[in-house]
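**Student:** 3D, please:
(one chain, ligands or ions: 2)
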Amino acid sequence: MNNKAGRNMKNDGIDSANISALHCIDLSSPDIHTSVSLLKQACLDSGFFYVVNHGISQEFMDEVFAQSKKLFDLPLEEKMKLLRNEKHRGYTPSLDEHLDPDNQINGDYKEGYYIGVEVPEDDPEAQRPFYGSNVWPTAGKLSDPSNGIFGAGAHSDYGLITLLATDDVSGLQICKDKDAKPQIWEYVPPLKSAFVVNLGDMLERWSNGVFRSTLHRVLANGQERFSIAYFMEPSHDCLVECLPTCQSKVNPPRQKNESFLYAKMKMEYLGSTKF
Ligand SMILES: O=C(O)CCC(=O)C(=O)O
Ligand SMILES: [Fe+2]
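**Tutor:** Residues are numbered from 1 along each chain as shown. Ligands and ions are numbered 1, 2, ... in the order given. Take a look at the predicted model:
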């Protein structure tokens, strides 16, 4: 994903909002008990946390970001040859996506490039929604929330877990209480070599609302910004049913059991089924 903007600010633009203090899970730590308790606390609190020492080398990540920059630096007409298909794979130009229509005048200013599990065109699986072949191969705006201009509008991710790698430009914000008035947005600052991890709606649903899928958005601060998100999801047939440890007589399951595909399509097309 690429957020471009036309002018540089004199700082990184993060002085006007709170900064979120997220837990950092060190996968190389021998102290599993502490890691597990930090992880649980993060899942209960906001569903957002950092992961470090995850085994993916900085050199590899630098190379992935360099390739991403090369792709987004191509002239628009070249990128349009990779335009997203009906399976949501491929290039999404600036303003193509509209993650928060209630609060956005235009679409998201970000550009995107979506790929998923590669399924050959002649494979029966390729006919299923969201499955299929991948599409292979600027001066922008400063965000202005009061005028509905965002790099990416407010949304929560609908899958299980999202792993997000970003460059060192700030932009991601979370809102832990979506019903608060006014909403309070906190920056999640980039942390070198870490992935930002966040839980999606399906995990919130699985845990009967115990684990949190938190609203987030991206503000463009005047600098070019690159991020790469990996959305982890169960198979389409997987039944999303409330975990036994997350229900009781006084706290019965709040959602019906549904296949992941059905629940996902409902969220996509009929609006959110979040608690
Ligand atoms: O670019 C970012 O920091 C967040 C992207 C995001 O929220 C998403 O792709 O779902
Ligand atoms: Fe997201």
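**Student:** What segments of the stretch 51-200 of the chain are helices?
**Tutor:** Using DSSP state H, counting those that start in this stretch, the helices found in the stretch 51-200 of the chain span residues 58-72, 76-80.
**Student:** Buried residues, stretch 180-198. List them.
**Tutor:** By neighbour count on 16 or more other Cβ atoms under 10 Å, the buried set for stretch 180-198 is W185, E186, Y187, V188, P189, P190, A194, F195, V196, V197, N198. Where you see a C-beta, it was placed from the backbone N, CA and C, and this is true even at glycine.
**Student:** Now do the second one, the pLDDT please.
**Tutor:** In the prediction, the pLDDT value recorded for E186 is 94.
**Student:** again, but for T166
**Tutor:** In this model, T166 is scored at 91, pLDDT.
**Student:** again, but for E78
**Tutor:** You'll see E78 listed with a pLDDT of 89.
**Student:** Around the closest residue to T92 other than its chain neighbours, how many other residues sit close by?
**Tutor:** Nearest non-adjacent residue to T92, counting by Cβ to Cβ, 6 or more residues apart in numbering: G112, 4.1 Å away. Close neighbours of G112, defined as other Cβ atoms under 10 Å, add up to 20.
**Student:** Quick check, G112 in contact with Y91.
**Tutor:** Yes - counting by Cβ atoms under 8 Å, Y91 is a contact partner of G112 at 7.3 Å.
**Student:** Report how many residues lie close to L95.
**Tutor:** L95: 14 surrounding residues under other Cβ under 10 Å.
**Student:** what sits against the closest residue to ligand 1 within the stretch 51-200 of the chain?
**Tutor:** Closest to ligand 1 within the stretch 51-200 of the chain is L172: 3.7 Å, counting by Cβ to the nearest ligand atom. Contacts for L172 (Cβ atoms under 8 Å, 6 or more residues apart in numbering) come out as L164, T166, Y187, V188, V196, H216, R217, V218, S227.
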